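Novice: Dropping a prediction and its sequence here:
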Amino acid sequence: MGVITLTTDLGHRDFYQAALKGSIISQLPDVRLVDITHEIPSFDIQRAAVVLRNAFHYFPNGTVHLIGIDTVFQEGAHYTMMKFENHFFVGADNGIFSIILGDKDPEELFEIDIMQDLRYLHFPLADILTKAACHIAKGGELSAIGQPIEKPLKKVMIQPLVDHSTIKGHVSYIDSFGNVISNISKELFNDVQNGRGFKLHFKRNETINRLSWHYNEVPEGEKLCLFGISNFLEIAINKGHASRLLGLHQDEIIMIEFLDNQRR
């Protein structure tokens, strides 16, 4: 029994999500379907990549991750299958594969070669992409339904700006608890910090000058920063909605200042 996860911008109000699931179940009745999210903002491949990169490795090897972001039919569209870290990803070649990969290489990369059913011309997610996902979930080879390609369409996430004493990053994701997740990784922070104290600056002249290990390390209602399960720097409020209460929104700038005269 194969596992197929769904990450889309289809939402829950319309029939599109049901049509997608019905298409998969019709081809593979015993499939284990798992919703990662259907609440990605429309066409936002960067947000989808953040969610998938943080979720996929919790699933068993061989899981197929179907990506339904910006998959509407258009002339010259390309659809891609990728094997990466023993997982499979299927979606439109719109840049999301390169963001998921980062600086790594896929184990296999193919352009899907399946004839579009004209009845579903405007909904290839429920046709070409579900057929490819079900084929892989059944144990089929990528080479049986595609042609090998060297690289996916290249798009990169905005990277932090770094010098000796500062890291300037931005808000890359806000989760449902209101935690504000940046694009500053724990590895980058440790490399630049080099044992020094720091001050995290963000909107409204707010600052934080210590890392917490967990959300409850400060009193309820107090702000904190920590490296959560995403391994990227988060700004949070213990039992509060940091995004609303601190006025921090998607793509806003945050800055870490390292203090040469303060050692940990």
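Specialist: On my side now, so go ahead.

Novice: residues in contact with the spatially most central residue of the chain?
Specialist: Centroid-nearest residue in the chain, with C-alpha atoms, centre = their mean: Val50, separated by 2.1 Å. Contacts here follow C-beta atoms under 8 Å, 6 or more residues apart in numbering; on that basis Val50 touches 172-173, 181, 230. To be clear about C-beta, it is placed using only N, CA and C from the backbone, and glycine gets the same treatment.

Novice: again, but for Asp117
Specialist: Contacts of Asp117 (C-beta under 8 Å, 6+ apart): Asp127.

Novice: re the thing from before, can you classify the residue nearest to the centre of the chain by secondary structure?
Specialist: Recorded secondary structure, Val50: helix (DSSP: H, G, I helix; E, B strand; the rest coil).

Novice: how near is it to Thr80?
Specialist: Going from Val50 to Thr80 by C-beta to C-beta, to the nearest Å gives 19 Å.

Novice: Quick one: mean pLDDT for stretch 201-221?
Specialist: For stretch 201-221, mean pLDDT rounds to 93.

Novice: in it, what counts as buried?
Specialist: 201-202, 208, 211-212, 215, 218 (16 or more other C-beta atoms under 10 Å).

Novice: Switch those residues over to CSV; also include distance to Leu6 and secondary structure.
Specialist: CSV is the format used below for those (distance: C-beta to C-beta, whole Å; DSSP: H, G, I helix; E, B strand; the rest coil):
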residue, distance to Leu6, secondary structure
His201, 38, strand
Phe202, 34, strand
Ile208, 36, strand
Leu211, 35, strand
Ser212, 34, coil
Tyr215, 29, helix
Val218, 36, coil
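
Novice: Let me know the closest of those to Asp103.
Specialist: Leu211 (25.7 Å; C-beta to C-beta).

Novice: Look up the closest residue to Ile253, ignoring the ones flanking it.
Specialist: His170 (5.5 Å; C-beta to C-beta, 6 or more residues apart in numbering).

Novice: Sheet-wise, list the partners of the helix or strand that neighbour falls within with their directions.
Specialist: Using DSSP states H and E, the element containing His170 is strand 166-174. When pairing is defined by DSSP bridges, strand 166-174 lines up against strand 161-162 (antiparallel), strand 180-185 (antiparallel), strand 253-263 (antiparallel).

Novice: Would you enumerate the residues in contact with Phe89?
Specialist: 52, 56, 64-65, 67, 80-83, 97, 100.

Novice: What segments of the stretch 1-150 of the chain are strands?
Specialist: Per DSSP state E, counting those that start in this stretch, the stretch 1-150 of the chain carries strands over the ranges 3-8, 32-37, 64-68, 79-84, 87-92, 108-112, 146-148.

Novice: If anything else comes up later, I'll come back, but that's it for now.
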